[in-house]
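[1] got a sequence here, can you model it:
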Amino acid sequence: MDNTFPAVGAEVTLVFIGALLLLKTFARYKSKPAEFDSHLNHWEITISDFILYCFIAIAGALFFQVISSFTLKHTSIDSDSRLVLTAAGMDLGILCGVYVFHHFKEEQFPLFIHKGFKTLTSGLVTLLIALPLVFGVMFIWQAILNAFHIPIVKQEMVDLLMNSKFPFARNTLILVAVIAAPCAEESIFRAGLFRYLRTRAPRWVALLIPALLFAAAHGSLTYFPPLVVLGIVFALAYEQTGTIGTTIVAHALFNLNSILMVIGGVGGS
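    Numbers count the residues shown, from 1 in each chain. Next up, the predicted model:
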């Protein structure tokens, strides 16, 4: 028996459950659209403060990246681990920048807004609903790439997870992908950019622009459209629940699911 069968079976089951939840959600929206009204309050922030918000977050990422890269260069740590730790430094820098902004503006840091078990369950439901959409778009997009003889290239971190000979690098990558990256990316793309745009621009613009930037930040043509779809689903979930914890949980579970697929021999191509 193919040893990838358990991983494939588990993934098909998740996608099937997600498809059922997606159909149920769509039917509920058609019958009671008022239930899907936004639960996000207007973000009282000027455009100059928002630019400052973005600047501090990006500056924090670059500062921590430079410091991490310079420090690690003078250690005996392997190159794979240096790459992962530098990425972790960027995520930490974003979070520090966002925290500093909210601290000095005397606003509540978005990551502290949570509703316990309800956030965990809404994050899981968001993941399940996203899976059939992401896989559907990925299947179509990769067929287009193949039709035009454009190579399908793995993301650098996926390649590292599959091929690195250093356990520390692989284990640290998993922690970064499941904890640091979701917190940082949801803080900047959903709690930052989407939250600012949703009451100041047409709704489709507010949904699309952060999703496009989110996908572009991953630097992969192969996964660009699926990540755009994922970003839109996360924004819709954030809009409906009113808590960024929902999308952080969904993002973390999505990354964990991707990692388990790669470890299980699926999704690494």
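
[2] Gly93 reaches Gly60, doesn't it?
    Yes: contact criterion CB atoms under 8 Å: Gly93 and Gly60 qualify, at 3.7 Å. No exception for glycine: its C-beta is placed from N, CA and C like everyone else's.

[3] all helices for this structure, in order.
    For the chain, applying DSSP state H gives helices covering 5-31, 47-73, 79-104, 117-147, 156-163, 167-175, 181-185, 195-197, 203-216, 224-241, 244-263.

[4] Ser38: which of these is closest?
    Closest of the helices of the chain to Ser38 is helix 224-241, at 4.9 Å (criterion: CB to CB).

[5] nearest to Asn41, of the helices of the chain?
    helix 195-197 (9.2 Å).

[6] any idea of the mean pLDDT in that closest one?
    Mean pLDDT, computed over helix 195-197, is 96.

[7] which residues touch it?
    Leu40, Trp43, Ile45, Phe50, Val205, Ala206, Ile209, Pro210, Tyr238 (CB atoms under 8 Å, 6 or more residues apart in numbering).

[8] can we see that at 7 Å?
    Residues outside helix 195-197 that contact it (CB atoms under 7 Å, 6 or more residues apart in numbering): Leu40, Trp43, Ile45, Phe50, Val205, Ala206, Ile209.

[9] buried ones only from the residues you listed, please, as a ChimeraX command.
    Buried subset of the contacts of helix 195-197, written as a ChimeraX selection, criterion 16 or more other CB atoms under 10 Å:
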select :40,43,45,50,206,209
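
[10] of the contacts of helix 195-197, closest to Glu185?
    Closest to Glu185 out of these is Ile209 (14.8 Å), distances taken as CB to CB.

[11] now for the closest one: which residues touch it?
    So Ile209 contacts Leu193, Leu197 (CB under 7 Å, 6+ apart).

[12] follow-up on the earlier one: common neighbours of Gly93 and Gly60, please.
    Common neighbours of Gly93 and Gly60 are not found (criterion: CB under 7 Å, 6+ apart).

[13] which one of the helices of the chain has the poorest average confidence?
    For the helices of the chain, mean pLDDT drops lowest on helix 156-163, to a mean of 83.

[14] just the CA trace of stretch 201-218, in PDB.
    The C-alpha coordinates for stretch 201-218 follow below in PDB (Å, rounded to 0.1, in the frame of the first residue of the first chain):
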ATOM      1  CA  ALA A 201     -12.900  51.700   0.300                       C
ATOM      2  CA  PRO A 202     -15.300  49.500  -1.700                       C
ATOM      3  CA  ARG A 203     -15.700  46.200   0.000                       C
ATOM      4  CA  TRP A 204     -14.200  44.200  -2.900                       C
ATOM      5  CA  VAL A 205     -11.100  46.500  -2.700                       C
ATOM      6  CA  ALA A 206     -10.800  46.000   1.000                       C
ATOM      7  CA  LEU A 207     -11.000  42.200   0.500                       C
ATOM      8  CA  LEU A 208      -8.700  42.000  -2.500                       C
ATOM      9  CA  ILE A 209      -5.800  44.300  -1.800                       C
ATOM     10  CA  PRO A 210      -4.700  42.700   1.500                       C
ATOM     11  CA  ALA A 211      -5.100  39.200   0.000                       C
ATOM     12  CA  LEU A 212      -3.000  40.100  -3.100                       C
ATOM     13  CA  LEU A 213      -0.200  41.600  -0.800                       C
ATOM     14  CA  PHE A 214      -0.500  38.600   1.500                       C
ATOM     15  CA  ALA A 215       0.000  36.200  -1.500                       C
ATOM     16  CA  ALA A 216       2.800  38.300  -3.000                       C
ATOM     17  CA  ALA A 217       4.600  38.300   0.400                       C
ATOM     18  CA  HIS A 218       5.100  34.500   0.000                       C
END
